[in-house]
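>>> predicted structure and sequence below. I'll ask about it afterward.
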Amino acid sequence: MKILVSALEHSANIHLKSLKKELSDDVKFIGIFDSELGEPIVDLRSLAIMGFVDVIKKLRYFFKLNAQMVELASSVDKVLLIDSSGFNLPLAKKIKKRYPNKEIIYYILPQAWAWKKKRIPVLERTIDHLASILPFEKDYYSKNAPITYVGHPLLDIIKDYKEEINSEVKTIAFMPGSRKGEIKKLMPVFKEVNLKLGLESLIIIPEYFTKEDIEEVYGDLSDFKIVHDAHKTLKEVDFAFICSGTATLESSLIGTPLILSYIAKPLDYFIASRLVKLNYLGLSNIMFSQFNDRSLHPEFIQKDVTSGNLIKAFLDYDRAQFFNDSKLLRAYLGHGSSKEVAKILEKTIIMEQK
């Protein structure tokens with residue numbers, strides 16, 4: 001079976017690898033994905049962007065890539081879209097228009113409930129299987145929508161959680177993100193926090209960063225121990241300062257107390273603040289607030305990201321409460337998602353063979 005895959009983000013490919021393990025050996029991927037999974041049509045590193053401004057600069061390139069994917073759809077059995085709604089939703093509409101009977105599965109759905117609820121009817125009409133990774137997400141869709149909560153993909157990967165927390169913080173980890181723009185904005189603040197706290201500190205850097213990338217983006221790292229394994233490091237340290245994104249949820253599930261910090265480009269923040277109607281930025285806070293009336297961890301955004309604010313939040317932190325809350329969050333999510341998504345694919349195969 002041939003599946004056209006559109007997985008532009010690094011995180012999406014981590015979850016795609018877990019999914020592939022659940023599929024039979026005769027499944028072949030074509031399209032956009034990590035080269036470890038086959039032969040993609042593009043190098044993922046060329047797709048790395050940060051925010052609305054970067055998207056505008058690369059529009060022509062993405063339009064061409066989108067058209068190429070539509071052509072490839074003609075020869076596949078299924079279409080699997082993962083995250084990246086700015087690229088994947090227009091792609092889904094074009095594929096469905098040209099090939100009405102082509103089955104489309106969307107895994108890690110566009111956050112239409114947060115951005116534009118008007119997109120929800122479009123998703124319901126265009127996508128054959130909506131594989132949701134958020135327990136509350138289906139409540140925003142119509143009663144007959146083809147949406148199923150499949151579990152959360154991080155629980156396919158994270159199997160080892162903290163069993164207890166230390167009485168005092170001795171080691172801290174810094175995760176300033178995976179995009180060069182966000183890293184450059186956060187590193188000066190993180191370095192100042194590290195200097196003032198004076199604790200053993202580790203900095204988690206994506207494995208695919210070259211030595212030249214590290215020198216350009218991070219600058220002097222003589223005060224940090226450089227590591228690459230995020231999950232292992234987060235379990236070992238006592239505290240973490242993390243840029244927004246999947247990493248905040250990873251730390252929350254593992255049970256490592258954290259503070260979220262995010263500095264977007266001014267124009268990006270201006271646009272997003274008018275489109276998104278949420279009380280929190282972090283995924284773990286968004287989910288935790290679904291069954292509680294408070295946040296799981298502190299968040300600092302834009303001008304509030306200062307060393308003074310971060311250090312005060314660190315000193316005031318109730319780590320015991322966070323640790324107990326992290327268990328509640330894991331229970332809320334329930335289980336991983338790869339097996340359930342594989343079942344959706346296998347079920348459709350069986351139906352076609354009858």
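Cool, got the structure.
>>> make it CA atoms for all contacts and neighbour counts henceforth
Fine.
>>> show me the strands in the stretch 101-250 of the chain, by range?
For the stretch 101-250 of the chain, the strands defined by DSSP state E, counting those that start in this stretch cover 103-107, 129-132, 147-149, 171-175, 200-204, 225-227, 239-243.
>>> how close does I286 get to S84?
From I286 across to S84, the span is 19 Å (C-alpha to C-alpha, to the nearest Å).
>>> same check on K232?
27 Å.
>>> if you count what's nearby, which of the two comes out ahead?
Shown here are K232 and S84; by other C-alpha atoms under 10 Å, S84 has more neighbours (17 against 14).
>>> which SSE is the closest residue to that one other than its chain neighbours in?
What sits nearest to S84 in space, not counting adjacent residues and going by C-alpha to C-alpha, 6 or more residues apart in numbering, is L8, at 6.7 Å. For L8, there is no helix or strand it lies in under DSSP states H and E.
>>> could you give the number of residues near L8?
25.
>>> do the same with the one 10 residues further on
Using other C-alpha under 10 Å, S18 is surrounded by 18 other residues.
>>> where does it sit: helix, strand or coil?
Using DSSP: H, G, I helix; E, B strand; the rest coil, the structure places S18 in helix.
>>> wouldn't it be in contact with L155 here?
No - if you go by C-alpha atoms under 8 Å, S18 and L155 don't touch, sitting 10.4 Å apart.
>>> any idea how far G151 is from H335?
Counting by C-alpha to C-alpha, the gap from H335 to G151 is 5 Å.
>>> neighbour count: those two, which is higher?
Neighbours per residue (other C-alpha under 10 Å) separate H335 from G151, with G151 holding more: 23 against 18.
>>> would you list the phi and psi of the more buried one?
Main-chain dihedrals, G151, degrees, to the nearest 10: phi 100, psi 180.
>>> output the below-cut-off pLDDT ranges for this structure.
46, 48-57, 115-116, 266-278, 348-354 (pLDDT under 70).
>>> what residue is smack in the middle of it?
Centroid check for the chain by C-alpha atoms, centre = their mean gives T246 as the closest residue, at 4.1 Å.
>>> let me see the contact set for the residue nearest to that one when sequence neighbours are not counted.
Leaving out its chain neighbours, the residue that sits closest to T246 by C-alpha to C-alpha, 6+ apart is L283, at 7.3 Å. By C-alpha atoms under 8 Å, 6 or more residues apart in numbering, the contact set of L283 is G245, T246, T248, L249.
>>> now for the last one, how many residues are close by?
A count of neighbours around L249, defined by other C-alpha under 10 Å, yields 20.
>>> so it sits against L281, correct?
No - in this structure, L249 is not within contact of L281 by C-alpha under 8 Å, at 11.2 Å.
>>> pull out the buried residues from whichever helix in the chain runs longest.
Criterion DSSP state H: the longest helix present in the chain is helix 180-197. Using 16 or more other C-alpha atoms under 10 Å as the test for burial, helix 180-197 gives 180-187, 189-191, 193-194.
>>> let me see the residues that make contact with that helix.
50, 174, 176-177, 201, 217-218, 241, 243, 261-264, 305-308, 310-311.
>>> please flag which of those sit within helices.
V217, S307, G308, L310, I311.
>>> count of residues packed around N285?
Counted with other C-alpha under 10 Å, residues neighbouring N285 total 22.
>>> and the helices in the stretch 201-350 of the chain?
According to DSSP state H, counting those that start in this stretch, the stretch 201-350 of the chain carries its helices in the segments 211-217, 230-236, 246-254, 266-275, 283-288, 307-316, 319-333, 338-353.
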